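**Q** the sequence and its predicted three-dimensional model are supplied below.
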Amino acid sequence: MGTGTGSDRGTGFGHGADAAVGERRHLVGLAYRMLGSVAEAEDAVQEAYARWYAQAPERRAAIASPGAWLTTVLSRVCLDVLGSARVRRESYVGEWLPEPLPDTAEWAVGAGRAADPADRITLDESVGMAFLVVLESMTPAERVVFVLHDVFRYPFPEIAAIVDRTPAACRQLATSARRRIGAAPAPAAGSAVVVREFRQAWEAKDIGALVGLLDPSAVMVADGGGLVSAVVRPVEGGERIARYLAQMAEWAPGLVLLERTVNGRPGLVARRDGATATVAALDVVEGRITRIWAVRNPEKLGLWTAA
């Protein structure tokens, strides 16, 4: 699961501005996993760089590892953002889902977003929607410590200095986080075939075929953010989901379904009148879809304008 060794960060780049700039992709990927939002991740990274460049040049030059300094500052910024996000999400309309990621080759330039490849987040199992949803259930401290240690392989003594806790306390937080992660399903082989059959059944409004592809206890969660129509509560049960999707096809004529990579796994994108309306991440277990996460909030679909 790891995407790099924490103690290696900031080495091999040299010192000064070049070393700091060279850390950007690592920092964006770290912040996205901590926050579940590309927009918030970019803001957090920008804040970390603002603090870096706010220092006098001689002070920056004296920092042995710009990467370690930036990671420390970024992690503390993310802790603060996570704390305030928990309050904001209590008033969020409907379910809150992480911002979905396209394949890096299809990363589009959304409003106000840069096209710099350094902003593109490496897709691996640590950005799977199921994984990110479980991360959302953690406390801010659990999430930051877990991402730093289990995903990015930072040692506990380094993490302790970052989050201002003892190494022992960080180990306990990581252990608690792992208990939650243990419930997250692993990627399933052959899921692309299931997703394709699901798309075809949806397009045909074939309720029987949809039911056959959905686990009887499947759950669908939609995130409209109060900006577009979406079910406010999860839809539970394969048959109920199948009937809801068939009705949706009736309500939205002209909907075009595309098979796309969503957070590193096979998913679906629904477009209408040339615009991306929904990005759906799916979990497939033993040949059946067990979870559907449908992101409809347009504020979370900026990267999908060219889907």
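**A** Looks like it arrived, so ask away. On a predicted model such as this, the values are computed, not experimentally measured, just so you know. Residues are numbered from 1 along each chain as shown.

**Q** hmm, Ala44 and Cys38 touching each other?
**A** You called it Cys, but residue 38 is Val. No. Using CB atoms under 8 Å, Val38 is not in contact with Ala44, being 10.7 Å away. The way it works is simple: take the backbone N, C-alpha and C, and place the C-beta from them, glycine included.

**Q** start to end distance for stretch 94-103?
**A** Taking CA to CA, to the nearest Å as the measure, stretch 94-103 stretches 27 Å from start to finish.

**Q** any buried residues in that stretch, and which?
**A** Buried positions in stretch 94-103, judged by neighbour count with 16 or more other CB atoms under 10 Å: Gly94, Glu95, Trp96, Leu97, Pro98, Glu99, Pro100, Leu101, Pro102.

**Q** hang on, Val269 in a strand?
**A** Yes. Assessed by DSSP: H, G, I helix; E, B strand; the rest coil, Val269 belongs to a strand.

**Q** now do it: how many residues are near it, please.
**A** By the other CB atoms under 10 Å criterion, the neighbourhood of Val269 contains 22 residues.

**Q** now Ala61
**A** Going by other CB under 10 Å, the residues that sit close to Ala61 add up to 12.

**Q** Leu135 now?
**A** Neighbours of Leu135 under the rule other CB under 10 Å: 24.

**Q** same check on Val147?
**A** Every residue meeting other CB under 10 Å relative to Val147 is counted, giving 27.

**Q** tell me where this protein has helices.
**A** Counting by DSSP state H, the chain has helices at residues 17-21, 24-35, 38-53, 57-61, 66-90, 129-136, 140-146, 156-163, 167-181, 191-203, 207-213, 238-251.

**Q** right, so of those helices, which gets closest to Val269?
**A** Taking CB to CB as the criterion, helix 191-203 is the member of these that comes nearest to Val269, at 10.1 Å.

**Q** report the distance from that closest one to the chain centre.
**A** Helix 191-203 has its average C-alpha position 23 Å from the chain's average C-alpha position, going by CA atoms, centre = their mean, to the nearest Å.

**Q** ditto for stretch 197-214
**A** With CA atoms, centre = their mean, you get 27 Å for stretch 197-214.

**Q** and what of stretch 140-149?
**A** On CA atoms, centre = their mean, the centre of stretch 140-149 falls 15 Å from that of its chain.

**Q** same check on stretch 26-40?
**A** Mean-position distance between stretch 26-40 and its chain equals 8 Å (CA atoms, centre = their mean).

**Q** and that stretch, what's its mean pLDDT?
**A** Per-residue pLDDT over stretch 26-40 has a mean of 95.

**Q** shaky segments in the chain?
**A** When the per-residue scores of the chain are filtered using pLDDT under 70, the ranges that remain are 1-18, 106-119, 183-188, 306-307.

**Q** repeat the analysis, applying 80 as the threshold.
**A** Applying pLDDT under 80 to the chain flags residues 1-19, 86-87, 89-90, 104-120, 122-123, 125, 182-189, 249-253, 305-307.

**Q** tell me how far the residue nearest the centre of it lies from Ala242.
**A** Closest to where the C-alpha atoms of the chain average out (CA atoms, centre = their mean) is Gly36, at 4.2 Å. Between Gly36 and Ala242 the distance is 28 Å, computed by CB to CB, to the nearest Å.

**Q** do Glu90 as well
**A** Using CB to CB, which is the criterion applied here, Glu90 is 32 Å from Ala242.

**Q** which one's more surrounded, those two?
**A** Between Glu90 and Ala242, counting by other CB under 10 Å, Ala242 is the more crowded of the two (26 against 8).

**Q** ok, now how distant is that one from Asp283?
**A** Distance of Ala242 to Asp283, given as CB to CB: 16 Å.

**Q** what of Glu23?
**A** Looking at Glu23 against Asp283, where the rule is CB to CB, the gap reads 33 Å.

**Q** ok, now His26?
**A** Taken as CB to CB, the span from His26 to Asp283 is 28 Å.

**Q** these two: which has the busier surroundings?
**A** Between His26 and Asp283, counting by other CB under 10 Å, Asp283 is the more crowded of the two (24 against 21).

**Q** residue contacts, the residue nearest to that one when sequence neighbours are not counted?
**A** Sequence neighbours aside, Arg291 is the residue nearest to Asp283 in space, at 4.0 Å (criterion: CB to CB, 6 or more residues apart in numbering). Counting by CB atoms under 8 Å, 6 or more residues apart in numbering, Arg291 touches Ala130, Ala218, Val219, Met220, Val221, Leu282, Asp283.

**Q** how about stretch 121-140 as CSV, C-alpha atoms only?
**A** The C-alpha atoms that make up stretch 121-140 are tabulated as CSV, following Å, rounded to 0.1, in the frame of the first residue of the first chain:
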residue,chain,number,x,y,z
ILE,A,121,-2.3,12.0,-8.0
THR,A,122,-0.8,8.6,-8.3
LEU,A,123,-3.7,6.0,-8.4
ASP,A,124,-3.2,3.0,-6.2
GLU,A,125,-5.3,1.1,-3.6
SER,A,126,-4.9,3.9,-1.1
VAL,A,127,-7.2,6.1,-3.3
GLY,A,128,-9.9,3.5,-3.9
MET,A,129,-13.3,4.9,-3.0
ALA,A,130,-14.0,2.2,-0.5
PHE,A,131,-10.7,3.0,1.2
LEU,A,132,-11.4,6.7,1.3
VAL,A,133,-14.9,6.2,2.7
VAL,A,134,-13.4,4.3,5.6
LEU,A,135,-10.9,7.0,6.1
GLU,A,136,-13.8,9.4,6.5
SER,A,137,-15.0,7.4,9.5
MET,A,138,-11.7,8.1,11.4
THR,A,139,-10.9,10.9,13.8
PRO,A,140,-8.6,13.5,12.2
